[in-house]
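Q: based on what follows, work out the 3D shape:
(one chain, ligands or ions: 1)
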Amino acid sequence: MESEVLPKERIRFGSRDIAYSILYKERKSVGITVRPDQSVLVTSPPNLSVAKLNVLVKQKAGWIIKQQSYFLSFQPLTPPRKFVGGETHLYLGRQYRLKIIVSKKESVHLKGHYIFVYTKMKDSKRVKQLMNNWYRHNAAVKIESYLHECKKLFVRHHLKEIKVELRSMDKRWGSCSIKGKIILNPELIKAPKRCIEYVLVHELCHTKYPNHSSAFFDLQSQIMPDWVKWKSKLEKVMS
Ligand SMILES: [Zn+2]
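A: Below is the predicted model of the structure:
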């Protein structure tokens, strides 16, 4: 029988409170998991007291906070745009200035430091729609080709068949199911190529290890030794 004990337990670590719930299970060791919603689950053998678990959680507090901030920082933060001329928009990590031109034929393309939007109506809603379609199309093409490259880095790791889907998400860059389906936020196309590859590598590592275990991070560092750099760049460029 498994039962998650409520209400949550709490420990104090420096200036922070760490709340966690306990799941008692027939097992020999204590396991600590930080979920993507930043909640903490402690899986414990049946005979351990809450006092003892508090001590163990306190010992792991540094790691828990690191995991929590990891999930936090993975949230897209791009400020809203108005889709008016002169505004800057990101594409693959570069800033482009928006130029809106009324035209019979609608299209979007990059030239120099500009993103040209040819539109039938000089209306920000229409401009937004045209740009979003353009972003989405490019996201699909680029991410597919980057994924193809990234998969080659895992040649010794026998990856499963991977399916990728683009889906707008408020709070995540990507997610991965155990069955090997990777869902990516099309907003990623605004980030530099290496940042996108970092997210792809991260999600591909999840097809091997669903949690952020040390084995997961070992594999991620092996595949992309400088991932920390691209992770922090992603956070900076998109905020
Ligand atoms: Zn992850």
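Q: which residues in the chain form helices?
A: Ranges of helices in the chain, per DSSP state H, are 50-59, 61-72, 124-152, 193-206, 214-223, 227-237.
Q: worst average pLDDT in these?
A: Here the helices of the chain differ in mean pLDDT, and the lowest is helix 61-72 at a mean of 76.
Q: buried stuff in that helix?
A: 61, 64, 65, 67, 68, 71 (16 or more other Cβ atoms under 10 Å). Quick note: C-beta positions are derived from backbone N, CA and C, even for glycine.
Q: what is that helix packed up against?
A: Helix 61-72 sits against strand 3-13, strand 16-24, strand 31-34, with contacts defined as 3 or more Cβ pairs under 8 Å, 6 or more residues apart in numbering; DSSP states H and E.
Q: got the contact list for the second one?
A: Residues external to strand 16-24 that are found in contact with it (Cβ atoms under 8 Å, 6 or more residues apart in numbering): 2-6, 8-12, 32, 39-46, 50, 53, 57, 61, 64-65.
Q: pull out the buried members of the residues you listed.
A: Buried among the contacts of strand 16-24 (16+ other Cβ under 10 Å): 9, 11, 32, 40, 42, 43, 44, 53, 57, 61, 64, 65.
Q: so can I have JSON lines of the helices of the chain showing distance to residue 80?
A: Listed next are the helices of the chain as JSON lines, based on distance: least, Cβ to Cβ, whole Å:
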{"stretch": "helix 50-59", "distance to residue 80": "39"}
{"stretch": "helix 61-72", "distance to residue 80": "20"}
{"stretch": "helix 124-152", "distance to residue 80": "10"}
{"stretch": "helix 193-206", "distance to residue 80": "21"}
{"stretch": "helix 214-223", "distance to residue 80": "32"}
{"stretch": "helix 227-237", "distance to residue 80": "17"}
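Q: comparing those, which comes out most buried?
A: Stretch with highest mean neighbour count among the helices of the chain: helix 193-206 (a mean of 23; mean count of other Cβ atoms under 10 Å).
Q: residues in contact with the residue sitting furthest away from the middle of the chain?
A: Seen from the C-alpha centroid of the chain, the residue lying at the greatest distance (Cα atoms, centre = their mean) is residue 104, 39.0 Å away. The neighbours of residue 104, taking Cβ under 8 Å, 6+ apart as the test, are residue 120.
Q: what of residue 146?
A: 193, 196, 197, 200.
Q: now swap in residue 39 and tell me
A: Contacts of residue 39 (Cβ under 8 Å, 6+ apart): 19, 20, 21.
Q: give me the buried entries from those.
A: Among the contacts of residue 39, those classed as buried by neighbour count (16+ other Cβ under 10 Å) are residue 20.
Q: what is the nearest of the contacts of residue 39 to residue 89?
A: Distances from residue 89 to the contacts of residue 39, taken as Cβ to Cβ, are shortest for residue 19 (39.5 Å).
Q: how near is that closest one to residue 91?
A: Separation of residue 19 from residue 91 (Cβ to Cβ, to the nearest Å): 40 Å.
Q: okay, domains of the chain per the record?
A: 3-72, 88-237 (automatic domain parsing).
Q: could you export the ones you listed as TSV, including distance to residue 81?
A: Putting those into TSV (distance: least, Cβ to Cβ, whole Å) gives the following:
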stretch	distance to residue 81
domain 3-72	23
domain 88-237	6
